[in-house]
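K.L.:
Starting from these lines, generate the structure:
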Amino acid sequence: MPGGRLTQQERQQIALGLADGAAYAEIARRLDRPTSTITREVMRNGGPTAYRAEIAHRATEHRAHRRKRSAAPRGAQTTPLPYGRDPEAVREYEEVFTTVMMTSGAPKMMSRVLACLFVTDEGSLTAAELVQRLQVSPATISKAIAFLESQGLVRRERDERRRERYVVDNDVMYQSMIASARATAELAVTARQGVTPLGSGTPAAVRLENMARFLDFVSESITRAADQARDVLHSQPVAPPESTA
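P.N.:
Okay, here's the model as predicted:
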C-alpha cells in the first residue's frame, strides 16, 4: 500500500471519483489507500461538493510550509500532549473539524476557534491561549467569540486569576440546538405573518403557510429530540485513560 502524502495525480483521481458519486471507500480502493486518508483529505479541503484537486494540493503544500515556519525554536523542547496523543494526528483532526464546520455555514475563523476549544480536555481557553495556538490577532479572536456566543456555542467565565475564559462545556450542543429551534420557530411566525397581506388562499400565501407549518414541525422536533437526548452529553467514559503528560 502506498505511503506518504497524496500526489497531485491522486488528488485528481479523488476529484473524478467524487464527481462520479463514488463513495470514499471505493475511491480508496482505486488508489490503494486507507479510506480514512481519503475522508480526511476531502473533508479538510472543502468537502465532497467543493473539493478541487489543484486547490487541495496547494493548500496541503501551504499547510506543510506553515508547520515548518511555526516549528519550535531551536533549543526549545516540544511539550508532549496528554494521553500519548500524536500531535500531527490531532492537528489533522482540527483541520477536518474546521472544514466540516465551514461546509455547514460557519465562517472560517469561528470554525477554527471552535475546533481548537473542542479538542482541549478542559474545554476552555483564554484569549491569549487562542491567539498563540491559532497565530492570529486578539481582535480576530474577539470577533470569532462574539459570533460563537450569538450561536450559543461558547460561553464566558472567569478563572481563579480573574482571566476571561471561553468555554465549550457538555451542554453547549444542547443550548445550540435549542437556539436553532427558537430561530426556526421565529422564521415560522414571520412566514405566517405574510398570509394576510398576500390574501389567504392565494399561491404565495399558501406557500408561506406551508412553510410555516413545516418550520413549526421541525422546530418542535428539534426541541423534543434535544430534550430527550440531553443526558447523552453528560455520559462519562467507562474507563478513562490515564494522562501520560
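
K.L.:
mean confidence score for stretch 139-146?
P.N.:
Stretch 139-146 shows a mean pLDDT of 92 in the predicted model.

K.L.:
can you list the residues that contact it?
P.N.:
Stretch 139-146 has contacts (C-beta atoms under 8 Å, 6 or more residues apart in numbering) with P107, M109, M110, R112, V113, A127, L130, V131, L134, V154, R156, Y166. Heads up, the C-betas are built off the backbone N, CA and C, glycines and all.

K.L.:
how about 6 Å then?
P.N.:
If you take C-beta atoms under 6 Å, 6 or more residues apart in numbering as the criterion, stretch 139-146 is touched by M109, M110, V113, A127, L130, V131, Y166.

K.L.:
do stretch 181-200 as well
P.N.:
Identification of contacts with stretch 181-200 by C-beta under 6 Å, 6+ apart yields A204, A205, L208, E209, M211, A212, L215, D216, V218, S219, I222, T223.

K.L.:
ChimeraX command for the buried members of these?
P.N.:
Here is the ChimeraX selection string for the buried members of the contacts of stretch 181-200, based on 16 or more other C-beta atoms under 10 Å:
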select :205,208,209,211,212,215,216,218,219,222,223
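
K.L.:
would you list the contacts of stretch 181-200 in a markdown table and tack on secondary structure and distance to I38?
P.N.:
Converted to a markdown table, those look like this (DSSP: H, G, I helix; E, B strand; the rest coil; distance: C-beta to C-beta, whole Å):
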| residue | secondary structure | distance to I38 |
| --- | --- | --- |
| A204 | helix | 46 |
| A205 | helix | 48 |
| L208 | helix | 43 |
| E209 | helix | 45 |
| M211 | helix | 38 |
| A212 | helix | 42 |
| L215 | helix | 36 |
| D216 | helix | 40 |
| V218 | helix | 33 |
| S219 | helix | 36 |
| I222 | helix | 32 |
| T223 | helix | 37 |
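
K.L.:
With distance to T196 and pLDDT as extra columns, can I get the contacts of stretch 181-200 in JSON lines?
P.N.:
Formatted as JSON lines, the contacts of stretch 181-200 follow (distance: C-beta to C-beta, whole Å; pLDDT from 0 to 100):
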{"residue": "A204", "distance to T196": "12", "pLDDT": "96"}
{"residue": "A205", "distance to T196": "8", "pLDDT": "95"}
{"residue": "L208", "distance to T196": "10", "pLDDT": "96"}
{"residue": "E209", "distance to T196": "11", "pLDDT": "96"}
{"residue": "M211", "distance to T196": "15", "pLDDT": "97"}
{"residue": "A212", "distance to T196": "12", "pLDDT": "96"}
{"residue": "L215", "distance to T196": "18", "pLDDT": "96"}
{"residue": "D216", "distance to T196": "18", "pLDDT": "97"}
{"residue": "V218", "distance to T196": "23", "pLDDT": "96"}
{"residue": "S219", "distance to T196": "22", "pLDDT": "96"}
{"residue": "I222", "distance to T196": "27", "pLDDT": "95"}
{"residue": "T223", "distance to T196": "27", "pLDDT": "95"}
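
K.L.:
In three-state terms, label E10 for me.
P.N.:
At E10 the chain is in helix, as set by DSSP: H, G, I helix; E, B strand; the rest coil.

K.L.:
Give me the neighbour count for it.
P.N.:
Applying other C-beta atoms under 10 Å, we find 21 residues neighbouring E10.
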